[in-house]
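>>> Predicted model follows, preceded by the sequence.
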Amino acid sequence: MVRTKLSASAITILHDKPTFSIITKARITQAVPENNSPARTKCKTIRCIWDTGATSSAISTRLARALRLKASGQLVSYTANGAMNCMLYYVNVQMPNGITFTRVRASGVNLSSTVDMLIGMDVITTGDFAITNHKGKTCMSFRAPSKERIDFVSRG
């Protein structure tokens, strides 16, 4: 069982056992260029996996098709499977608690069928992020913006 706690600037996901995947929901839309007026864009609620091993974020090619996202160019993305040519998209990402990341640079890649976005360190480093496993229960907590340094060594 997974429980989600929300506040105005934070999200906590509690699992009743150890887990190896941190997954949250988010709403995704096409980001409009800053000099353009907002157009009506499609929005979709999706599942995201948080990946501290990823330098940047990515979306699934099936999500890009479903939302009819317009690519902003191409890039080479380096993955565990090697280098690959990808389309580049800019998206807005809104967490269930209202934390919104605007104009997230995301490469279009083939992700597993269970998630449509990989949240990389480009997003994670905008706030404070911690994973604990107290009493065999995984807890992920994220808040933005960052408010303090978390240092387990100095806390003892």
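Arrived safely, thanks for sending.

>>> going forward, measure contacts and count neighbours with C-alpha atoms only.
Fine.

>>> buried residues in the longest strand along the chain?
Secondary structure of the chain per DSSP state E: the longest strand is strand 82-94. For strand 82-94, the neighbour count (16 or more other Cα atoms under 10 Å) marks 86-94 as buried.

>>> of these, closest to G120?
The nearest member of those to G120, counting by Cα to Cα, is V93 at 12.4 Å.

>>> Quick check: beta-bridge partners of that closest one?
I28, F101 (DSSP bridges).

>>> Tabulate the buried residues of strand 82-94 (JSON lines), appending distance to L111 and pLDDT.
Output for those, formatted as JSON lines (distance: Cα to Cα, whole Å; pLDDT from 0 to 100):
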{"residue": "C86", "distance to L111": "13", "pLDDT": "92"}
{"residue": "M87", "distance to L111": "14", "pLDDT": "96"}
{"residue": "L88", "distance to L111": "15", "pLDDT": "96"}
{"residue": "Y89", "distance to L111": "15", "pLDDT": "96"}
{"residue": "Y90", "distance to L111": "17", "pLDDT": "94"}
{"residue": "V91", "distance to L111": "17", "pLDDT": "95"}
{"residue": "N92", "distance to L111": "19", "pLDDT": "92"}
{"residue": "V93", "distance to L111": "17", "pLDDT": "93"}
{"residue": "Q94", "distance to L111": "20", "pLDDT": "91"}
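
>>> Would you point out which residue is most central in this structure?
Taking Cα atoms, centre = their mean, the centroid of the chain lies closest to I119, which sits 2.8 Å from it.

>>> on that earlier part again, can you put the buried residues of strand 82-94 in TSV and add distance to T41?
Listed next are the buried residues of strand 82-94 as TSV, based on distance: Cα to Cα, whole Å:
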residue	distance to T41
C86	22
M87	19
L88	17
Y89	14
Y90	13
V91	11
N92	11
V93	13
Q94	14
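
>>> And the next helix or strand past the longest helix seen in the chain?
Under DSSP state H, the helix in the chain containing the largest number of residues is helix 61-66. Following helix 61-66 in sequence order, the next helix or strand is strand 73-79 (DSSP states H and E).
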